[in-house]
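Enquirer: pasting a predicted model and its sequence here:
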Amino acid sequence: MSRFLWRAAAVGAIVAAVVALLVGPYRAQLVATAAGSRAPSRAAPCLPGTGVAIMDSPHISVARAASVRYNSDPPTSGPHFPFVAAVGIYTAPLPDGLTVHALEHGHVVIHYPPATAPATVRLLRDVQRRFPADTLLVPRPGLRSITLTAWGRIDRLPRYDEARIVRFVTALRGRYDHHWTRPDGC
């Protein structure tokens, strides 16, 4: 009899936890995490960078990622992996499926060409360390310039410009996290 009660209690606890997650404060995050995001584009000419149309952003497998075509390079929205890259400094390129998911969580990605001068990479690392909870710093083959991305926005810098990078990060970090989190700011 005690084995039955133990199993019933365990099943009851699991059911209660699932119900709490589905109706509690994490419901929106769980639903979005399971399905990816759909959001209308937001024209915001006062914000830094250039707006890019928001693509449907479902979760995809790593195998399917090879067939995805984004509407910007680097991408600012679109299909992505169901798991996300942590914020921080990367010394090797990341797949688009990871960086797009980071954008979907409100992070800003600072991309740089692998041939960027070491002194400039050090400056970019310093900027990332100023915003450790909000940014990823990633080398990206094929780029000709430092490029900043946030959900639905992109900015290509002709050269290192700390003030411009900080303005982009400050204005766009957390603006989108599976849905628009605040007005466009204009």
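Expert: Great, that's in hand. Numbers count the residues shown, from 1 in each chain.

Enquirer: lowest average confidence, helix or strand, in the chain?
Expert: Within the chain, no helix or strand scores below helix 27-35, which has a mean of 43 by mean pLDDT, DSSP states H and E.

Enquirer: this structure: strands as residue ranges?
Expert: Using DSSP state E, the strands of the chain run over residues 50-51, 88-89, 108-112, 135-139, 146-150, 153-157.

Enquirer: remind me what the first one packs against, helices and strands.
Expert: Just to be clear, that refers to strand 50-51. The contact analysis (3 or more Cβ pairs under 8 Å, 6 or more residues apart in numbering; DSSP states H and E) places strand 50-51 against strand 153-157. (Glycine included, C-beta is placed from N, CA and C.)

Enquirer: the fourth one too?
Expert: Contacts defined by 3+ Cβ pairs under 8 Å, 6+ apart place strand 135-139 against strand 88-89, helix 96-104, strand 108-112, helix 118-130.

Enquirer: who's in contact with stretch 113-133?
Expert: With contacts defined as Cβ atoms under 8 Å, 6 or more residues apart in numbering, stretch 113-133 is touched by 87-89, 93, 108, 110, 112, 135-137, 139-146, 160, 162, 165-166, 169, 173.

Enquirer: just the buried subset of these, written out for ChimeraX, thanks.
Expert: Only the buried entries of those go into this ChimeraX selection, using 16 or more other Cβ atoms under 10 Å:
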select :87,108,110,112,135,136,137,139,140,143,146,160,165,169,173
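
Enquirer: residue 186 is nearest to which of the helices and strands packed on strand 135-139?
Expert: strand 108-112 (18.8 Å; Cβ to Cβ).

Enquirer: so which of the strands of the chain gets nearest residue 72?
Expert: Across those, closest to residue 72 is strand 153-157 (Cβ to Cβ), at 5.5 Å.

Enquirer: hey, C-alpha coordinates of that closest one in PDB?
Expert: Only the C-alpha atoms of strand 153-157 are listed here, as PDB (Å, rounded to 0.1, in the frame of the first residue of the first chain):
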ATOM      1  CA  ARG A 153      17.600  45.900 -36.300                       C
ATOM      2  CA  ILE A 154      21.100  46.000 -37.800                       C
ATOM      3  CA  ASP A 155      24.000  48.500 -37.800                       C
ATOM      4  CA  ARG A 156      27.200  48.200 -39.800                       C
ATOM      5  CA  LEU A 157      30.000  50.300 -38.600                       C
END
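
Enquirer: could you shift the numbering so residue one becomes 51, and keep it that way?
Expert: Taking 51 as the first residue, the last one we looked at is strand 203-207.

Enquirer: distance between it and the chain's centre?
Expert: 15 Å (Cα atoms, centre = their mean, to the nearest Å).

Enquirer: now do the buried residues in it.
Expert: 203-205.
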